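Chemist: please work out how this folds:
(2 chains)
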Amino acid sequence: MSFVPGQPVTAVVQRVEIQKLCQGENLILGFSIGGGIDQDPGQNPFSEDKSDKGIYVTRITPGGPAESAGLKMGDKIMQVNGWDMTMVTHDQARKKLTKKREDVVRLLITRKSLEEAVKHSKGSHPSHLPAQTNARTTKDRVVL
Amino acid sequence: MDNESQYSGYSHKSSHSRSSRKHRDRRERHRSKSRDSSSRGDKSVTIQTPGEPLLDAESTRGDDRDDNWGETTTVVTGTSEHSISNEDLTRVTKDLEESTPLECKRFIGPALGGCLSFFALITPLAFLILPQVLWRDTLDSCRTPCEGLYVSLAFKLLVLLISSWALFLRPPRATLPRFFVFRCLLMVLVFLFVASYWLFYGVRVLGPRERDYRGIVEYAASLVDALLFIQYLALVLLEVRHLQPAFCLKVVRSTDGASKFYRVGHLSIQRAAVWVLDRYYNDFSVYNPAVVNLPKSILSKKMTGFKVYSLDENTTNNSTGQSRAMIAAAARRRDNSHNEYYYEEAEMERRIRKRKARLVVAVEEAFTHIKRLHEDEAAASPKHPREVMDPREAAQAIFAPMARAMQKYLRTTRQQAFHSMESILTHLQFCITHNMTPKAFLERYLTPGPTMQYQQQSGRGRQWTLVSEEPVTSGLRQGLVFSLRRLDFSLVVTVTPLPFLRLGEEFIDPKSHKFVMRLQSETSV
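Modeler: Alright, predicted model coming up:
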């Protein structure tokens, strides 16, 4: 997940679609985010590279919509509904996730275990990518 | 263990429960018949006569009793009054050495310099007076310019006189082994200078009986100007040049490793040696020959190895081989002397601390027994007449209870050779007079002070030998090593130049100090 500034980023991402839950007059997703280009990247416990200023999932509410969608703690969010999340401030990321008009957010997230799974599968079957049985999630290689 | 009762009856005699009867009898015989006992109720005070050391000769070795002594040492039966120990002998030889007849060599240099400067100061006056005396009537009179010159001449001579007195008229601190190059140079310069002036004066003025008096006065004034400049040169060469530090000297004492670092300027080796010795007497703790190396009980076990006998005809070939074999064998043997050293050190430290605690308590208690009498108190209490004492008597009164603790402490720290009973009494009297606390009184005994503290003021001076591979008038330079030797120890001095400092500059705009908070927020969505 480390990157060189100015060069295109390559990552193995997973698509996660979360339905927002209506709680009173708020629509919540059930997780917390941390990080951003205006934050201190050294304090991030989930990032491999301590200069990574991306948005990370820091907490998942148990039983919430994010958990049932398959989001895990420590995931880095690359895109939200098509909006890039790798170079945003913390407040911009929050705004993109909590738009009142949308009740579904489609995230592209990446985590370390995805890379390893792809490497592992590429190593054993060089030409065969694993097919996912889960209807909602697909593993794609994305170039941002 | 010590089972002393605290100051029972303040009697000096009764508290020696540990020492043997033989020692005590001998001590009694040494004590002189005159005793000073003051009548103060039932407290009896016995004082030894001043001048005797606190411990007499035989009891100095009491604490390192070696159980094997009977086999190898010769026994000195000290039943006579004239027995003398090794320490007494060294003390006597030291006294003899200090009382050598006054060396006249010490005063030759200053005397010569004094004569020369007197001669130089008299010369201008002579230049002025001689024509007046010899051919007064044929001289041209000169009024105003000459008077101005007289005044300036007088003041310049006064300045020369005062500055010579301030700078050069000091008793010499040291005699150097070779000539002091700068001083010799300056004396030669002054001599040549004044001699050449006299030469010209004799040829041009005295010979043809010069009539222009103003010229003569100007001539004398120019001499005085030049003398002032020579004095400036002397000031710079002798006093100022060596002030800027250029070298770092490391001084190590050869017997116990006490070391200090000093910064010094450009000096010759002999002057640097004098400089170092000046500071040695103030900075280094006094050399105590009793506290030197590992006690013999630990080292001797190492030495009792096995002996190698050679049965060959020619032993010279095998000697190095033998010694190497012995050393290797000794190294391979399992050797516990470090263990013993460790425990002995710990034991010694514990003992010193115990004795020190006893001493401090004894002194504190003793000091509570007297207090200073104020003027108004003496008149205002007629119904409790107390005996009024002067400091000496007060010191003697309170010395007895602390004497034993002091003696034991000094013996444990091996300082008993430096402090006689008389000196302790004098110090106690001094402390009482100046209202010092017990802690201030004890400061002198708890830490070994600099050598200056133990010097007796004798006019003979101390003899040191400068040992050096280079000629001692050459200047200091890097890597030079010389040593200053005395009878039983020496100071080794190593010279290193001070590093050259390259100082750079970095300008910081005062407005450039800005800070931000480190953010890490977590938002739940």
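Chemist: spell out which parts of chain A neighbour chain B.
Modeler: With C-beta under 8 Å from any C-beta of the partner chain as the criterion, chain A meets chain B at residues A:28-29, A:31-34, A:38-40, A:43-44, A:58-59, A:61, A:90, A:94, A:97-98. All C-beta spots, glycine's among them, are computed from the backbone N, C-alpha and C.
Chemist: separate out the buried members of these.
Modeler: A:28-29, A:31-34, A:39-40, A:44, A:58, A:90, A:94, A:97-98 (16 or more other C-beta atoms under 10 Å in any protein chain shown).
Chemist: and the lengthiest helix in chain A, what does it pack against?
Modeler: Taking DSSP state H as the criterion, chain A has its longest helix at helix A:112-124. Identification of packing neighbours for helix A:112-124 by 3 or more C-beta pairs under 8 Å, 6 or more residues apart in numbering or on different chains; DSSP states H and E yields strand A:10-19, strand A:139-143.
Chemist: in its sheet, what does the first one sit against?
Modeler: Spelled out, that is strand A:10-19. strand A:104-110 (antiparallel), strand A:139-143 (antiparallel) (DSSP bridges).
Chemist: where among those strands is the average confidence lowest?
Modeler: Set side by side, the strands paired with strand A:10-19 differ in mean pLDDT, and strand A:139-143 is lowest with a mean of 62.
Chemist: just to revisit the earlier point, please flag which of the buried ones among the residues of chain A next to chain B sit within helices.
Modeler: A:90, A:94, A:97.
Chemist: follow-up on the earlier one: what's the farthest-apart pair in the buried ones among the residues of chain A next to chain B?
Modeler: A:Ile28 and A:Asp40 (26.5 Å; C-beta to C-beta).
Chemist: run through the stretch 201-350 of chain B and note the low-pLDDT ranges.
Modeler: The stretch 201-350 of chain B contains residues with pLDDT under 70 at B:292-320, B:330-334.
Chemist: helix, strand or coil for the residue in it positioned nearest to chain A?
Modeler: Nearest to chain A in the stretch 201-350 of chain B, going by C-beta to the nearest C-beta, is B:Phe261, at a distance of 44.4 Å. Here B:Phe261 is strand, with the state taken from DSSP: H, G, I helix; E, B strand; the rest coil.
Chemist: and if you look at A:Ile37?
Modeler: Three-state call for A:Ile37 (three-state DSSP): coil.
Chemist: which strand or helix spans the residue nearest to it when sequence neighbours are not counted?
Modeler: Spatial nearest neighbour of A:Ile37, chain neighbours left out: A:Lys53 (4.7 Å); criterion: C-beta to C-beta, 6 or more residues apart in numbering or on different chains. Using DSSP states H and E, A:Lys53 maps to neither a helix nor a strand.
Chemist: surely A:Lys53 touches A:Gly42?
Modeler: No. Using C-beta atoms under 8 Å, A:Lys53 is not in contact with A:Gly42, being 10.4 Å away.
Chemist: more neighbours: which of these two?
Modeler: Neighbours were counted for A:Lys53 and for A:Gly42 using other C-beta atoms under 10 Å in any protein chain shown; A:Lys53 has more, 20 against 10.
Chemist: can you list the weak-confidence ranges in the chain?
Modeler: Picked chain A for this. For chain A, the stretches with pLDDT under 70 are A:1-3, A:125-144.
Chemist: not what I meant, chain B
Modeler: Residue ranges of chain B with pLDDT under 70: B:1-103, B:292-320, B:330-334, B:377-385, B:456-460.
Chemist: the same query, at a cut-off of 80, please.
Modeler: B:1-107, B:109, B:136, B:141, B:171-172, B:291-336, B:373-387, B:455-461, B:517-519 (pLDDT under 80).
Chemist: could you look up the SS state of B:Ala400?
Modeler: Reduced to three states by three-state DSSP, B:Ala400 is helix.
Chemist: can you count the residues close to it?
Modeler: By other C-beta under 10 Å, neighbour count at B:Ala400 equals 20.
Chemist: got it, and A:Lys50?
Modeler: 12.
Chemist: what do you get for the one 10 residues further on?
Modeler: The local packing count at A:Ile60 equals 19, with neighbours defined by other C-beta under 10 Å.
Chemist: cool, and the one 3 residues further on?
Modeler: Other residues near A:Gly63 come to 8 when the count uses other C-beta under 10 Å.
Chemist: can you give me every residue that contacts the residue nearest to it when sequence neighbours are not counted?
Modeler: Closest residue to A:Gly63 apart from its sequence neighbours, by C-beta to C-beta, 6+ apart: A:Gly30 at 7.8 Å. With contacts defined as C-beta atoms under 8 Å, 6 or more residues apart in numbering or on different chains, the neighbours of A:Gly30 are A:18, A:21, A:60-61, A:63-67.
Chemist: now with 7 Å, please.
Modeler: The contact partners of A:Gly30, by C-beta atoms under 7 Å, 6 or more residues apart in numbering or on different chains, come to A:21, A:60-61, A:64-67.
Chemist: from those residues, which land in strands?
Modeler: Judged by DSSP state E, the subset of these located in strands is A:21, A:60.
Chemist: from the contacts of A:Gly30, keep the buried residues only.
Modeler: A:21, A:60, A:64-67.
Chemist: reformat those as JSON lines; add distance to B:Val205.
Modeler: Below are the buried ones among the contacts of A:Gly30 laid out as JSON lines (distance: C-beta to C-beta, whole Å):
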{"residue": "A:Leu21", "distance to B:Val205": "125"}
{"residue": "A:Ile60", "distance to B:Val205": "117"}
{"residue": "A:Gly64", "distance to B:Val205": "122"}
{"residue": "A:Pro65", "distance to B:Val205": "124"}
{"residue": "A:Ala66", "distance to B:Val205": "119"}
{"residue": "A:Glu67", "distance to B:Val205": "122"}
